[in-house]
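1. here is the input, now give the coordinates:
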Amino acid sequence: VTKVGIIGAGLMASQMALLFARRLHVPVVLTDIDQARVDKGVGYVHGEVDKLLAKKRISPDEANRLRALVSGSLDKTAFGDADFVIEAVFEELTVKQKVFADIEEYVSDECVLATNTSSLSITDMASQLKHPERVVGFHFFNPVAVMPLLEIVRAGKTDDATLATAFAVGKALKKSSVLVSDAPAFVVNRLLTRFLGEITAALDEGTPFEVADHALDPLGLPMTPMILLQLVGPAVGLHVAEVMHNAFPDRFGVSENMKRFVAAGKTAVWQWDAQGNQTLDPEVAALWQAGSSP
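-> Here you go, the predicted model:
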């Protein structure tokens, strides 16, 4: 892989751009729907490079090199010589299908098209393309620089060369790449949604937040489920729960309270005061319609 293209310039895409530039030392080009978003994405990468330089994690020469490697463009012809293009756009199947169909007109026949989807069917995503065999799942976890796991997903028509390229790139990125099948939410989010769903169901039944959120402490997890949900983003969590509910309605529920929580624009259950004391957000307590059987 001598050049990487990234479709989308949001937080996940920007984190990926920095990682590809640092590990592969190849040009990385970001695109999005307007110049402001592209500029913000490239600006994020440059800002992170400045932080690495300030911490003396990289040399001034390396900082200059990284800044020069990452660019943005609204013109899709910038992707013409890319060997690996990954999309990180909105989690909606039709949007991703359109993005891939659009980019296929500009890239070479050998270019790998990767998707960072966390739950959608990659086989469906590739179904309308001229070359569905070059589509592969390449699912990072947030924050991209820190989390070692990379789920590499073989779709219905993914060929061996595409899969081999994905694993080679994953190795160069110093990630722990694991091959998973194209099943709803793959492996990690399937497990995650299962236990987050249990905690949410307990809350819906009337279990106090303090009790439910600490119920899994004996498992030794690095953070509680509700703090994890805050990090992942409740809207993403709800979306994955809906995908899983559609696939396995008897095993995965969708919480009406969580729908209200997301609709209200809330991002966290907990709030902290200046001393670091954690309390339940009173607005969340007010909108949560809990049952009487904790």
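2. distance of Pro218 relative to Lys175?
-> Distance check for Pro218 against Lys175: by Cβ to Cβ, to the nearest Å, it reads 29 Å. The way it works is simple: take the backbone N, C-alpha and C, and place the C-beta from them, glycine included.
3. which of the two has more neighbours?
-> Neighbours around Pro218 and Lys175, counted as other Cβ atoms under 10 Å, are more numerous at Lys175. The numbers are 22 against 7.
4. how about the nearest residue to that one, chain neighbours excluded?
-> For Lys175, the nearest residue in space outside its immediate sequence neighbours is Leu150; the separation is 3.9 Å by Cβ to Cβ, 6 or more residues apart in numbering.
5. pLDDT score for that neighbour?
-> Leu150 is assigned a pLDDT of 98 by the prediction.
6. and the helix or strand containing it, how far out from the chain's middle?
-> Using DSSP states H and E, Leu150 sits in strand 149-154. Centre-to-centre, strand 149-154 and its host chain are 12 Å apart (Cα atoms, centre = their mean, to the nearest Å).
7. neighbouring contacts of the following helix or strand past that strand?
-> The helix or strand immediately downstream of strand 149-154 is helix 160-172, counting by DSSP H and E. Helix 160-172 is touched from outside by 1, 23-24, 83-84, 112, 114, 133-136, 138, 150, 152, 154, 177, 179, with contacts defined as Cβ atoms under 8 Å, 6 or more residues apart in numbering.
8. is Ile7 bridged to anything, and to what?
-> Thr31, Glu87 (DSSP bridges).
9. give me the neighbour count for it.
-> Residue neighbour count, defined by other Cβ under 10 Å, stands at 25 for Ile7.
10. contact partners for it?
-> Applying Cβ under 8 Å, 6+ apart, one finds that Ile7 lies in contact with Ala13, Thr31, Asp32, Val85, Ile86, Glu87, Ala88, Val89, Val99, Ile103.
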